[in-house]
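1. pasting the structure only:
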């Protein structure tokens, strides 16, 4: 048996186990419990119906679904919570032990894990580091919030494996183990509908470093002030020149091995803000690969979908999909990063975040603004007194389809239009990926 399977087997042996949430992670938890473990019983709890036949679940597996699916948790010894599940009660109020795939996997392999969190840029940095390490011949694996449950890579782990793991606030919220290498990219207003305050949101995020050991490494944006620190701390910034690692004008300074000049004419990552992501990757990867290997991997890396992704040129307009954008800062960066940005599409679910920074930026920017949905209506109302009504720069339409049609009419030929909503997609689309896919289809339909 591997150290993972042995640990999971011992941990669940003879216990009553509940899988809370039966999406991709819940299904991977079930698969490993069946493969390696002998709990006294397994139950699956989910708000939505679970198809027993489709999922190959025997009658011995108890299914608990519907509005009251969390009311039974104290019946079990161990509850594996999926990240997408919001607990009705704090774990301290429950008699059961609340854990997760991430908690178990990190308990076994924390020394081999590079964990990455932050409000923005997690997926790009995670994918970039993984690409560079694997491209350089290392036994690298990618998992976590990027869409791959950690249990799915467990069987491939060896003593030489390196795991690059994207970590969301929901994955970190109840964690009591931290990775040996932790990266904390940034912290913006986000998920306040769930956490209620920035303090609570940060408290969830900081579990990425809170349980580190003195021999561990924390790479953190200099604007975030960590507490209860045990590990070596390396601060990073693209605005604060006093940070240990400073990224500006295409150069990464402060790297112990020597400054690194970003090959801006050879990379596919769009925008100066991605130089910060590259600087972070440089600091992490220097422990594993040479500078030449880093550069080769960097230049062969292709940006992820829905992150300032070039879609097509239609009607002489370059269209860009930045559907991942759910914060003011990312929308501002989109306008600055897209070549000759002529129009930006703003709006989605209104989570109550402070849009003042975005409004200040857009009021001064030479760009047309098309607002949509609930948050777009609020931004439009804030911008209206600050933008001349006769200049034709500010518009409001109900939905994305209307916004794309209007953008095709008012964006000057030779300019770009970017979807960078600065808002969540929930309640309108399934997720930001679906929103981006719909945007691409609407652009294609303009032909």
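-> Received, thanks. Remember, it's a predicted structure, so these values are computed and weren't measured experimentally.
2. could you give the mean pLDDT of stretch 308-315?
-> Across stretch 308-315, pLDDT averages out at 93.
3. got the contact list for that stretch?
-> 270-271, 303, 318-322, 334, 337-338, 408, 413, 418, 436, 439-440, 443-444, 446-447 (Cβ atoms under 8 Å, 6 or more residues apart in numbering). Heads up, the C-betas are built off the backbone N, CA and C, glycines and all.
4. Okay, now the unreliable bits of the stretch 1-150 of the chain?
-> Within the stretch 1-150 of the chain, no range satisfies pLDDT under 70.
5. Going along the chain, name the helices of it.
-> Secondary structure of the stretch 1-150 of the chain (DSSP state H, counting those that start in this stretch): helices at 3-12, 24-36, 101-109, 122-135.
6. Serialize those helices to JSON lines and add fields for mean neighbour count and distance to residue 91.
-> Listed next are the helices of the stretch 1-150 of the chain as JSON lines, based on neighbours: other Cβ atoms under 10 Å; distance: least, Cβ to Cβ, whole Å:
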{"stretch": "helix 3-12", "mean neighbour count": "17", "distance to residue 91": "17"}
{"stretch": "helix 24-36", "mean neighbour count": "19", "distance to residue 91": "17"}
{"stretch": "helix 101-109", "mean neighbour count": "23", "distance to residue 91": "11"}
{"stretch": "helix 122-135", "mean neighbour count": "23", "distance to residue 91": "24"}
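7. got the ones you listed as a markdown table, with distance to residue 246 columns?
-> Formatted as a markdown table, the entries for these read as follows, by distance: least, Cβ to Cβ, whole Å:
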| stretch | distance to residue 246 |
| --- | --- |
| helix 3-12 | 39 |
| helix 24-36 | 38 |
| helix 101-109 | 31 |
| helix 122-135 | 17 |
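8. quick one: which of the ones you listed is nearest residue 357?
-> Shortest separation from residue 357 across these is recorded for helix 122-135, at 20.7 Å, computed as Cβ to Cβ.
9. what about the nearest residue to residue 120 once chain neighbours are set aside, how many residues close to it?
-> In space, residue 120 comes closest to residue 330 once its chain neighbours are excluded; the distance is 5.4 Å by Cβ to Cβ, 6 or more residues apart in numbering. When neighbours are defined as other Cβ atoms under 10 Å, residue 330 has 24 of them.
10. just use 4 as the starting number from now, easier for me
-> Happy to do that; since the first residue is 4 now, the last one works out to residue 333.
11. how about residue 333, what does it touch?
-> Under the criterion of Cβ under 8 Å, 6+ apart, the neighbours of residue 333 are 123, 325, 327, 423, 425.
12. cool, and residue 287?
-> Residue 287 sits next to 117, 132, 184, 186, 222 when contact means Cβ under 8 Å, 6+ apart.
13. what do you get for residue 170?
-> Residue 170 sits in contact with 105, 118-120, 125, 147-148, 211, where contact means Cβ under 8 Å, 6+ apart.
14. Make JSON lines from these and add distance to residue 229 to it.
-> Written out in JSON lines, the entries for those read as follows (distance: Cβ to Cβ, whole Å):
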{"residue": "105", "distance to residue 229": "20"}
{"residue": "118", "distance to residue 229": "14"}
{"residue": "119", "distance to residue 229": "15"}
{"residue": "120", "distance to residue 229": "12"}
{"residue": "125", "distance to residue 229": "18"}
{"residue": "147", "distance to residue 229": "21"}
{"residue": "148", "distance to residue 229": "21"}
{"residue": "211", "distance to residue 229": "10"}
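15. any idea how far residue 145 is from the residue sitting nearest the centre point of the chain?
-> Nearest to the centroid of the C-alpha atoms of the chain, with distances taken as Cα atoms, centre = their mean, sits residue 125, at 4.7 Å. Plainly put, residue 125 is 12 Å away from residue 145 if you go by Cβ to Cβ, to the nearest Å.
16. Please apply the same query to residue 350.
-> From residue 350 over to residue 145 (counting by Cβ to Cβ), the distance is 32 Å.
17. Next: residue 21.
-> The spacing between residue 21 and residue 145, counted by Cβ to Cβ, is 28 Å.
18. neighbour-wise, which of these two wins?
-> Neighbour tally, residue 21 and residue 145, criterion other Cβ under 10 Å: the higher count belongs to residue 21, 27 against 20.
19. Tell me the residue in this protein that is farthest from the middle.
-> Note on the chain: the largest C-alpha distance from the chain mean falls to residue 393, namely 39.5 Å (Cα atoms, centre = their mean).
20. Using the three-state scheme, assign it.
-> helix (DSSP: H, G, I helix; E, B strand; the rest coil).
21. hang on, the earlier thing: kindly supply the PyMOL command isolating those of the contacts of stretch 311-318 that are buried.
-> Provided next is the PyMOL selection string for whichever of the contacts of stretch 311-318 are buried by 16 or more other Cβ atoms under 10 Å:
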select buried, resi 273+274+306+321+322+323+324+325+337+340+341+411+421+439+442+443+446
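22. Just the contacts of stretch 311-318: which are in strands?
-> Where these overlap with strands, as defined by DSSP state E, the overlap consists of 321-324, 421.
23. Now the two most distant members of the residues you listed.
-> Put simply, by Cβ to Cβ the two of the ones in strands among the contacts of stretch 311-318 set farthest apart are 321 and 324, 11.3 Å from each other.
24. which residues in the stretch 204-353 of the chain form helices?
-> For the stretch 204-353 of the chain, the helices defined by DSSP H, counting those that start in this stretch occupy 210-213, 276-288, 294-302, 331-340.
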